[in-house]
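Sequence first, then the predicted structure:
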Amino acid sequence: MQVLRVTGGARLAGAVDVVGAKNSVLKLMAATLLAPGATTIGNLPAISDVTIMRQLLEGMGCGAVEIKDGPVDRVTITVPDELSPEAPYEFVRKIRGSICVLGPLIARTGAAKVALPGGDAIGTRPLDMHFAGLERMGVDIRVEHGYVVAEAGDLRGAPIWLDFPSVGATENIMTAAVLAKGTTVIDNAAREPEIVDLCRMLVSMGALIDGIGTSTLEITGVEGLRPTSHDAVSDRIVAGTWAMAALATRGDITVRGADPAHLRIALDKVARAGGEVEALADGFRVAIDRRPKSFDVVTLPYPGLATDLQPQAIAALSVADGTAMITENLFEARFMFCDEISRMGADVRTDGHHAVVRGKERLSGAPVRATDIRAGVGLVIAGLVAEGVTEVAEIHHIDRGYVRFEEQLRGLGAEIERVESASFGG
Ligand code: UD1
């Protein structure tokens, strides 16, 4: 089995580049389905989730050409007049993000048959809010044989309230509403930078959307949309991962291509831990030359601290001075990561959706398994501050969301390599 073998001890120093956000790009790619013709998405991360989304779109009749511009790609997706409304299990099971073809398919073809998604093992991830919103717009929706089957006789705008500002539900309702008859108002909408990015691309395709970046989105349906060219917003979770890595390793990392405004709370935590945080024209820098101080973490929808940064924060807190309380409000199973980092000597105790982390001077290297993307990079950060060698298995999770991860780490001075390992046999 391939693992990342990390030898602890290095202080990370230097610069890294962040490109487009996985959680935006997948939705942008799905939204291309809304307009026949060729749409180009730039600042595309070379990650496996993008490859799977491309294959899914090709399976629906689209052409997709990727162009490499150094480490950053562009993809041009050519959407036919006639689309196949089926998203097969073969692709959908691999990435949660593929459920976001539901809204565009309903809008374009009046029907959809989308396999129920797979994705990270971070807890139960229901779709009730997606369904309730689409039903209010006149869509008949049911689950049959592992597929979401949707039929929209007459797709019409409606007032919709979300119980919780779900990212995916906001996206699916919005991408259906842009071609519906009349106006849809989504109250308690998610307002993550990735939602704003999707809104911007839709507007450039001719959609009418008011309230972008707020929790009330007003969408007036139009007859048709046109293809566009759009650069994806940069990945705030990858950028935040580098900030936590700098903190944990008492390092000095310049993160290029990131927007610190998307990470206000996370960077404020870094500053409170003793890190020096400097906003730059095209990113930010985090530097610290002593042991970080502990800080509490509460995960919340944006602009709260992202659940996708929680494992990386725990990794930094496991070697901080003091005790931290972590409250996970989005995905209960995310604490599976705590069992793994505990194998490296971290003092982490969980109870329901809370965890207490008592910082130690150092962890100790061990074989561990990534349970999801963010747990994977959290374990690598832990390996960097552990004595001896850590082997992180199931690294396909990391490849789903991080571009040239170990190469960038080596550039910062880390000792890390991708090798075959016998430790995880059987
Ligand atoms: C997206 C991100 C994921 C991130 C999450 C929260 C993608 C591909 N994934 O996931 O990385 O961790 O946002 O920022 O963009 N919920 C329901 N019913 C629903 C929908 C959601 O109960 O119909 C619950 C979920 O179980 C969860 C919470 O709402 O507890 C938030 O989920 P949501 O914002 O929808 O996350 P995703 O879009 O799945």
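Nice, I can see it.

and the residue lying closest to residue 163 once chain neighbours are set aside, helix, strand or coil?
Using C-beta to C-beta, 6 or more residues apart in numbering and skipping the chain neighbours, the partner closest in space to residue 163 is residue 129 (6.3 Å). Bear in mind the C-beta positions are built from the backbone N, C-alpha and C, glycine included. Per DSSP: H, G, I helix; E, B strand; the rest coil, the secondary structure class of residue 129 is helix.

Does residue 129 touch residue 166 like I think?
Yes. Checked against C-beta atoms under 8 Å, the pair residue 129 and residue 166 is within contact range at 4.9 Å.

where's residue 77, which helix or strand?
strand 72-79 (DSSP states H and E).

Ok, residue 154 next?
Counting by DSSP H and E, residue 154 is found in no helix or strand.

what's around the closest residue to it other than its chain neighbours, how many residues?
By the measure of C-beta to C-beta, 6+ apart, the closest residue to residue 154 outside its immediate chain neighbours is residue 138, 5.6 Å from it. Burial of residue 138 is recorded as 18 neighbouring residues (other C-beta atoms under 10 Å).

Next: residue 13.
Number of residues near residue 13 (other C-beta under 10 Å) recorded here: 16.

quick one on the thing from earlier: which helices and strands does the strand holding residue 77 pack with?
strand 37-44, helix 48-59, strand 63-69 (3 or more C-beta pairs under 8 Å, 6 or more residues apart in numbering; DSSP states H and E).

what's near enough to touch residue 18?
Counting by C-beta atoms under 8 Å, 6 or more residues apart in numbering, residue 18 touches 234-235, 238-239, 242, 255-258, 283.

same check, this time on residue 412
For residue 412, the contacting residues are 10, 12-14, 16, 251, 253, taking C-beta under 8 Å, 6+ apart as the criterion.

where does it land on pLDDT?
Residue 412 carries a pLDDT value of 98.

One more: residue 175?
98.

and residue 35, what does it touch?
Going by C-beta under 8 Å, 6+ apart, residue 35 touches 79, 205-206, 224-228.

Need the phi and psi values for it.
Residue 35 adopts backbone torsions of phi -130, psi 120, taken as degrees, to the nearest 10.

And it, how close does it get to the ligand?
Using C-beta to the nearest ligand atom, to the nearest Å, one gets 22 Å for the distance from residue 35 to the ligand.

tell me the pLDDT at residue 119?
Looking at residue 119, its pLDDT stands at 48.

now do residue 124
The predicted structure scores residue 124 at 58 on the pLDDT scale.

likewise residue 87?
Per the predicted model, pLDDT is 84 at residue 87.

Was I right to think it contacts residue 95?
No. Look at residue 87 against residue 95 with C-beta under 8 Å: they stay out of range, at 10.9 Å.

just to revisit the earlier point, show me the one of the helices and strands packed on strand 72-79 that comes nearest the ligand.
helix 48-59 (8.2 Å; C-beta to the nearest ligand atom).

ok, and what's touching the closest one?
Helix 48-59 has contacts (C-beta under 8 Å, 6+ apart) with 22, 25-26, 29-30, 32-33, 44, 64, 66, 73, 75, 77, 84, 87-88, 90-92, 94-95, 97-98, 101, 396, 399-401.

Let's see it as CSV, backbone CA atoms only.
What follows is helix 48-59, C-alpha atoms only, in CSV (Å, rounded to 0.1, in the frame of the first residue of the first chain):
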residue,chain,number,x,y,z
SER,A,48,-8.5,13.5,-8.4
ASP,A,49,-12.0,14.8,-7.6
VAL,A,50,-11.8,17.1,-10.6
THR,A,51,-10.9,14.1,-12.8
ILE,A,52,-13.9,12.2,-11.5
MET,A,53,-16.3,15.2,-12.1
ARG,A,54,-14.9,15.5,-15.6
GLN,A,55,-15.6,11.8,-16.3
LEU,A,56,-19.1,12.2,-14.8
LEU,A,57,-19.9,15.1,-17.2
GLU,A,58,-18.5,13.2,-20.1
GLY,A,59,-20.8,10.3,-19.2
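
before we move on, the earlier item: if we only consider the contacts of residue 18, which is nearest to the ligand?
Sorting the contacts of residue 18 by distance to the ligand puts residue 235 at the head of the list, at 11.0 Å, by C-beta to the nearest ligand atom.

For the closest one, grab the count of nearby residues.
Residue 235 is flanked by 30 other residues according to other C-beta under 10 Å.

got the angle for the one helix or strand residue 114 maps to vs helix 48-59?
Taking DSSP H and E as the criterion, the element that holds residue 114 is strand 111-115. With axes from the mean of the first three to the mean of the last three C-alpha atoms, to 10 degrees applied, the angle from strand 111-115 to helix 48-59 works out at 140 degrees.

same question for strand 111-115, mean pLDDT?
Here the average pLDDT along strand 111-115 is 92.

ok, is it in contact with the ligand or not?
No. Strand 111-115 does not reach the ligand (C-beta under 6 Å from any ligand atom); its nearest approach is 13.9 Å.

can you check stretch 158-177 too?
Yes. Using C-beta under 6 Å from any ligand atom, stretch 158-177 reaches the ligand at 164, 166-169.

do stretch 318-329 as well
No. Using C-beta under 6 Å from any ligand atom, no contact is recorded between stretch 318-329 and the ligand, whose separation bottoms out at 7.7 Å.

what about that stretch, distance to the chain center?
Taking C-alpha atoms, centre = their mean, to the nearest Å, one finds stretch 318-329 lying 22 Å from the centre of the chain it belongs to.

Stretch 207-222 too?
When C-alpha coordinates are averaged (C-alpha atoms, centre = their mean), stretch 207-222 and its chain have centres 23 Å apart.

How about stretch 374-392?
Distance of stretch 374-392 from the chain centroid (C-alpha atoms, centre = their mean) equals 20 Å.

Repeat that for stretch 175-193.
Relative to the chain's own centre, stretch 175-193 is displaced by 21 Å; criterion: C-alpha atoms, centre = their mean.

and the closest residue in space to residue 327 that isn't next to it in sequence, how many neighbours?
Of all residues not flanking residue 327 in the chain, residue 298 sits nearest, at 4.5 Å (C-beta to C-beta, 6+ apart). Here the neighbour count serves as a burial measure; for residue 298 (other C-beta under 10 Å) it reads 14.

cool, residue 131 as well?
Residue neighbour count, defined by other C-beta under 10 Å, stands at 19 for residue 131.

Could I get the contacting residues of the closest residue to residue 202 other than its chain neighbours?
Once its chain neighbours are removed from consideration, residue 202 has its nearest residue in residue 178; the separation is 5.6 Å (C-beta to C-beta, 6+ apart). Residue 178 sits next to 34, 107, 202, 207-209, 219, 221-222, 225 when contact means C-beta under 8 Å, 6+ apart.
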